[in-house]
Structures are given as C-alpha cells and as structure tokens.
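Peer 1: here is my input; please provide its structure:
(one chain, ligands or ions: 2)
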Amino acid sequence: MDQRPVLIPLGGFLGAGKTTLILSAARLLRGKGLKVAAILNDQGSELVDTKYVQSEGVDADQVSGGCFCCRFSELIETADRVRAFEPAVIFAEAVGSCADISATTLRPLRMHHSNRFRLAAYSVLADPGLAQELTGSRPDPDLAFLFRKQIDEADLICFTKLDLYRHFPKLTGAPVRYLSPLTGEGVSAWLDEILSGAIETGTRTLEIDYERYAGAEASLAWLNCSVAAVVNPAISPAQMVGMLLDDLDAALTSAELRIAHLKLIDTTPSGYVKASILKNGGNPGVDGMLDASPAAAHELLLNVRVTGEPETLRRMVEAGIAKIPGHVEIKTMRCFSPAAPKPEWRIA
Ligand SMILES: Nc1nc2c(ncn2[C@@H]2O[C@H](COP(=O)(O)OP(=O)(O)OP(=O)(O)O)[C@@H](O)[C@H]2O)c(=O)[nH]1
Ligand SMILES: [Mg+2]
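Peer 2: Numbers count the residues shown, from 1 in each chain. Ligands and ions are numbered 1, 2, ... in the order given. Down below sits the predicted model:
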C-alpha cells in the first residue's frame, strides 16, 4: 500500500470557490473514513480561510507572507507539519492572484518531493461570471492577464457555481469540468477523477513576463487585519458580520475601490459566522452558525482584496471598524500591494 498522502493543488482567481471546494470535498472524504488536511496560502497573515476551514473541523495550516512559489521551502515545512495529522488527502489552495504555479511549485514538488506526496493534477477554478467578464471585450487588463495565465497552466479547468450559471465562456487549454462547491453538484465526480491519477500534473508551464506579472498583481490592494471587540449591548456574530459587511461595501464603493473579494469571520463564545462578497453591492455568501446567540466578546478577521490604492483601502477599513459600538482594538493590520514574485524554484 502506498502510504503517501495525495496532495491536491487548487488554483484560480480570488473568489472562484477554492476554499468552499476544499470543505465540500473534505465532507465527502471524511464520509468515507478518510482523514483530510488543508494548506492555505496568502500574501499576508491572519487568514479568514484558515480560521474558517479549522472552524469546520478540517486540520489546516497556512503558508503566509507570499505565494507558494516564493515560499516553497515553507510549503514543504507546512506540508510536513500537516502530515503529522496522517491525512490521506491534503488540499493546497494557492493565493488567488498567483500564476506560474506549474513551473515554480508543481514541478519542483514532483521532481524533489515525490517521496512525501502523490501529487494530483492542478485544478484551476473559474467563476463563470468573472470568466465571462475577463474574456469579454473590455476587461480590466491586469485582472484579465492574471486570469488568462492561471487558466493557461491548468491541468484541469473547473467552472464553479453551477447552481448560478448555465452559460460558460469558451476557455482553451486543459479539459473543462463543471461543479458547484456550494451545493456539492459535480464535486464527487471531480474528486474521483483527480484521485484516479488519470490526469497528469504540471503538464503546462507558462511563458510569462515577470515584470508584467508583478505589475498585474500590484494593481491589487490587499488588507488583512484582526480585531478584538467587546460590545455593549451584546450582538450575535451574524449581526456583527452583517453590519461590517454593509458598512465596508458602501465605503469601498464610494471610494471607487473595486472589490475582488471581501471576506470576514467573527468568532464569539456562542459561535462563528463567515461572510464574503465578490463585487461592490454583491450578494453576500454567509456560512457558519447563523443562529448563534448575542455575545459581548468578538474576535474578527478581515481579508479585503480590491483594485486600487492600499492607503485608501486602509482608511476605509479603519473607519468601518471604528463604527463598531464598544471597546475595539485593531490587533494587527497589514495593507499593501503584493510584492513582485520571486520564486525559489522554476522548472520550465
Ligand atoms: N452560489 C455559489 N456560491 C459559491 C459556490 N462556491 C463558492 N461560492 C461562494 O463564493 C464566495 C467565494 O468562495 P471561496 O471558496 O471563498 O473562494 P476562494 O476561491 O477560496 O477565494 P480566495 O481565497 O479569496 O481566492 C463565497 O461566498 C462562497 O460561498 C457555488 O458553487 N455556488
Ligand atoms: Mg480561499
């Protein structure tokens, strides 16, 4: 019997549904008695995704402060840490602005670390609505560049949100699958295909101009912060999240910052709620314990990705946090544009 865990890499633009797919697939695997772990990745620290995945009972760790390619050694250390949980499957979610994963991460993994893992095919997820926009006639050139590069290096392209869309733009390159991480439709078939090993991994490496790539990533502003609040009167995590999301959405919209993904999670003694929006004025996706009772103490994590200036983003978020009624402390705040990627390895 092969004792190595299967490492399933996932990519795709911000908000495509990567974390939701990990949780949906984890439920299926655990139903079969298999242990699952996840590695999340971000340019900053204080990740909503890590907290969320852990809150849902999945063993999770993270590579923070840069993408997998720039933190490859840390990815290996993190993978070794999660191997201690003895998972049969480890999901590795790449940060949503990242490209060139195949040459800088998958190939080094396959060539130098195949004693540790069986590396599965690289699934790149695509939100059909965003895909339509970014392959349309007048897309944001930076976002369209990142999206195209991500698709070009996929071993398997997965359109997500099948529950919301029936029309999909034509994407060339890898084979295409259709699924809904949220409802679970198509997830079992995708997982079976990925675990069967029928699709080879790291087959498509990119021609990519790193200056252009760095410029495209730098068009984004990134904010990660953690907040502790003691409110009076007590409010439920659902109320807290709803209030903050509405305030921030309105403030970012008035400052003409385009939201790529705004996500937050509120943890209280009575339970947690996580919510996110993918565009200004968008419908929020909400998960967690919506009926958790009011609490005084709240621990919040906010991760906001927009196109625009980091300074403006920081001011808007600080103003939104200041409106929380009660004693509020911003414990950590990092706001920046992603730095130029400098991969540790590149095997083209
Ligand atoms: N309707 C619908 N919503 C979905 C589906 N999959 C994900 N979502 C929602 O899309 C939003 C983003 O999903 P995530 O799983 O956080 O996306 P992600 O790719 O991990 O995003 P980043 O980590 O920011 O790159 C959340 O509000 C999800 O609930 C789906 O199949 N259908
Ligand atoms: Mg995610």
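Peer 1: need the contact list for the closest residue to ligand 1 within the stretch 51-200 of the chain.
Peer 2: Of all residues in the stretch 51-200 of the chain, G96 sits closest to ligand 1, at 2.9 Å by CB to the nearest ligand atom. Placement of C-beta: from N, CA and C, glycine included. Shown in contact with G96 (CB atoms under 8 Å, 6 or more residues apart in numbering): G12, F13, L14, G15, A16, K18, A260, H261, R305.
Peer 1: relative to R83, how far out is it?
Peer 2: 25 Å (CB to CB, to the nearest Å).
Peer 1: T253 too?
Peer 2: In this view, T253 and R83 are 44 Å apart by CB to CB.
Peer 1: what kind of secondary structure is G65 in?
Peer 2: Following DSSP: H, G, I helix; E, B strand; the rest coil, G65 is assigned to coil.
Peer 1: give me the pLDDT for the residue of the stretch 51-200 of the chain closest to ligand 1.
Peer 2: pLDDT for G96: 98.
Peer 1: go on, F159?
Peer 2: Taking F159 on its own, its pLDDT is 98.
Peer 1: contact partners for it?
Peer 2: Applying CB under 8 Å, 6+ apart, the residues contacting F159 are L125, A126, P128, A131, Y165, F168, V176, R177, Y178, L179.
Peer 1: same deal with G31?
Peer 2: Counting by CB under 8 Å, 6+ apart, G31 has no contacts.
Peer 1: do the same with R334
Peer 2: Contacts of R334 by CB under 8 Å, 6+ apart are G44, S45, E46, W222, L223, N224, C225.
Peer 1: tell me how many other residues surround the residue of the stretch 51-200 of the chain found nearest ligand 2.
Peer 2: For the stretch 51-200 of the chain, the residue closest to ligand 2 is E93, as judged by CB to the ion, at 5.5 Å. Counted with other CB atoms under 10 Å, the neighbours of E93 add up to 28.
Peer 1: partner residues bridging it?
Peer 2: Counting by DSSP bridges, E93 is bridged to L10.
Peer 1: hey, C-alpha coordinates of the helix or strand that contains D249 in CSV?
Peer 2: Element membership for D249 (DSSP states H and E) is helix 237-254. Output of helix 237-254 as CSV, limited to C-alpha atoms (Å, rounded to 0.1, in the frame of the first residue of the first chain):
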residue,chain,number,x,y,z
PRO,A,237,-21.9,37.2,15.1
ALA,A,238,-24.4,37.3,12.3
GLN,A,239,-25.4,40.9,13.3
MET,A,240,-21.7,41.9,13.6
VAL,A,241,-20.7,40.4,10.2
GLY,A,242,-23.8,41.9,8.5
MET,A,243,-23.2,45.4,9.9
LEU,A,244,-19.5,45.4,9.0
LEU,A,245,-20.0,44.0,5.5
ASP,A,246,-22.7,46.6,4.7
ASP,A,247,-20.5,49.5,6.0
LEU,A,248,-17.4,48.4,4.2
ASP,A,249,-19.1,47.7,1.0
ALA,A,250,-20.7,51.2,1.0
ALA,A,251,-17.4,52.8,2.0
LEU,A,252,-15.3,51.0,-0.7
THR,A,253,-17.9,51.7,-3.3
SER,A,254,-17.9,55.4,-2.5
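Peer 1: hmm, it in reach of ligand 1?
Peer 2: No. Between helix 237-254 and ligand 1, judged by CB under 6 Å from any ligand atom, nothing touches; the nearest distance is 11.0 Å.
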